[in-house]
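>>> using only what follows, build the 3D model:
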Amino acid sequence: MIRTIEQARRYVLRVKLCTVMAAKNCPHPSLWDQIDLPDKRPGEKGWGQKVAAMWTWKNQLPADYPDEVFYGKIKGGYAALIAMPYLRETHFPAAYRPAESLPPLAQAILQKLRSEPRETTELRRELVDEQGCTKSQFDTALKNLQITMNVVRSNDPAIECDTWLPFGEQYPAIWETRKG
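Next up is the predicted model:
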């Protein structure tokens with residue numbers, strides 16, 4: 001059972017790919033099921049130790065260990081942590097789809113991110129105004145860009161809000177291996 005970020009790192013490296021949260025009908029193990037910290041107690045304020053650890057670790061692992069751990073979305077929309085060798089050799093080649101094959105809203109999001117990284121809120125506001133889409137449509141398009149390995153959350157430890165950039169800017173060596 002996992003009680004520290006170092007144990008979480010070793011777990012991700014061992015299993016190669018795990019979801020952040022437990023999910024029914026998902027074939028992958030979850031980090032959540034392995035964390036041995038207390039849940040929130042009745043009357044306790046905040047998240048509780050287990051949720052706080054999981055929420056922190058999903059961002060801190062790729063920030064602290066960028067050459068070892070990747071955070072992103074996988075098919076089904078699940079948030080996942082992936083060992084970098086597995087990402088490079090197996091997951092990226094299977095999951096990558098060219099942006100041109102995605103719906104126009106996803107392409108518009110990526111175009112914005114190619115000019116500069118953006119926080120989710122700012123990016124959503126711009127695209128809802130410009131494209132006339134709903135929040136839900138935007139969220140789905142952003143999720144699909146992650147699943148298809150076109151965008152990624154910044155690993156910069158100084159950034160607190162989800163900030164997105166093209167996958168190839170953060171992982172140029174993996175990006176160069178794409179086909180199509």
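>>> partners of the residue nearest the centre of the chain in the sheet?
In the chain, the C-alpha nearest the mean C-alpha coordinate belongs to Gly72, at 2.1 Å (CA atoms, centre = their mean). For Gly72, the beta-bridge partners under DSSP bridges are Ala80.
>>> which other helices and strands contact the longest helix along the chain?
If you go by DSSP state H, the chain has its longest helix at helix 49-64. Packing partners of helix 49-64 (3 or more CB pairs under 8 Å, 6 or more residues apart in numbering; DSSP states H and E): helix 5-15, strand 69-74, strand 78-83. In short, each C-beta sits where N, CA and C put it, glycine included.
>>> for Lys24, find the nearest of these.
For Lys24, the closest of those is strand 78-83, at 11.0 Å, according to CB to CB.
>>> pLDDT at the residue of the chain most remote from its centre, what is it?
Note on the chain: the largest C-alpha distance from the chain mean falls to Gly43, namely 31.5 Å (CA atoms, centre = their mean). Looking at Gly43, its pLDDT is 72.
>>> one step back: can you lay out the helices and strands packed on helix 49-64 as JSON lines showing mean pLDDT and distance to Thr121?
Formatted as JSON lines, the helices and strands packed on helix 49-64 follow (pLDDT from 0 to 100; distance: least, CB to CB, whole Å):
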{"stretch": "helix 5-15", "mean pLDDT": "98", "distance to Thr121": "27"}
{"stretch": "strand 69-74", "mean pLDDT": "97", "distance to Thr121": "18"}
{"stretch": "strand 78-83", "mean pLDDT": "97", "distance to Thr121": "18"}
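>>> any chance of those in CSV, plus distance to Gly168?
Shown next, in CSV, are these (distance: least, CB to CB, whole Å):
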stretch, distance to Gly168
helix 5-15, 23
strand 69-74, 14
strand 78-83, 17
